[in-house]
Every structure is written in C-alpha cells, then in structure tokens.
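A.B. asks: Predicted structure and sequence below. I'll ask about it afterward.
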Amino acid sequence: MSLILFCEYSVPAASRDRFLDWVREAPSRWRGAELAENREQPGVFVELRRPKDEREASAMKKERLEGRSWTEMEAWVKGGREGIRVWTFAPLLRDPGAD
C-alpha cells in the first residue's frame, strides 16, 4: 500500500522570511519529505511523506508533531501547534500508466 502523510500549515507574511531561513539552515530536517509552498497563497505550506505502512505513518505523524526541533516553528505557524495539521491518505485508484 502506498500511503501519503500530508502535513499542512500557514505562516503569516510577517514570519515567512524567517521561516524560510530556518528551513534552509538545516536541509536534513526535511529528509524524506517534499516541502512545497502554495503559489497562489504564499505562506501556505505542505509536506508530503511516503510511509511504507500504517505503523510508519503513525510514527511519522507523532514525530512530526512532537519530535526534533519542530517546536521552533510553532512561533511562526498561524495557530501554533494546533495550526500544524497532519493526515494520512491511502490512494483510491492507481495510475494505470504507472505499471
């Protein structure tokens, strides 16, 4: 099964540059993740991670909300810790061209 761990949050314009500096200071923090910013709504960020199973997804979610230095970014995220939303998705359909 190909799961996706999806994390979404918003960083207000006044904090965006500092947040981006922090992101660039430690690229290893983002290992295994795709980090993207909304083109139409600057400051809205998503992270995509691909856990191998439900157990790894659960561990990633826990680590994402409680581990490493993520608490540093709470000061920049709109709503603080509660503003960081994490969900696990499972695909409904496979791309027939992927085989």
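C.D. replies: Received the coordinates, thanks. In this text the structure is predicted, and so the values were computed from the model without any measurement.
A.B. asks: separation between Lys61 and Asp21?
C.D. replies: Look at Lys61 and Asp21: by C-beta to C-beta, to the nearest Å, they are 26 Å apart. (Glycine included, C-beta is placed from N, CA and C.)
A.B. asks: Output the lowest mean pLDDT helix or strand found in this protein.
C.D. replies: Taking mean pLDDT, DSSP states H and E as the measure, the chain has helix 70-73 as its least confident helix or strand, at a mean of 79.
A.B. asks: Compare Lys61 and Asp21 and say which is more crowded by neighbours.
C.D. replies: Lys61 (17 against 9; other C-beta atoms under 10 Å).
A.B. asks: neighbouring contacts of the helix or strand where the more buried one lies?
C.D. replies: Element membership for Lys61 (DSSP states H and E) is helix 54-66. Contacts of helix 54-66 with the rest of the structure, by C-beta atoms under 8 Å, 6 or more residues apart in numbering, involve Leu3, Leu5, Cys7, Glu47, Arg49, Pro51, Trp70, Arg81, Ile84, Val86, Thr88.
A.B. asks: For that helix, output the C-alpha coordinates as CSV.
C.D. replies: Provided in CSV are the C-alpha atoms of helix 54-66 (Å, rounded to 0.1, in the frame of the first residue of the first chain):
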residue,chain,number,x,y,z
GLU,A,54,0.3,2.3,8.8
ARG,A,55,2.9,1.8,11.6
GLU,A,56,5.5,4.0,10.0
ALA,A,57,2.8,6.6,9.2
SER,A,58,1.8,6.7,12.8
ALA,A,59,5.4,7.1,13.9
MET,A,60,6.0,9.8,11.3
LYS,A,61,2.9,11.7,12.5
LYS,A,62,4.0,11.5,16.1
GLU,A,63,7.5,12.6,15.3
ARG,A,64,6.2,15.4,13.1
LEU,A,65,4.0,16.8,15.8
GLU,A,66,6.3,16.2,18.8
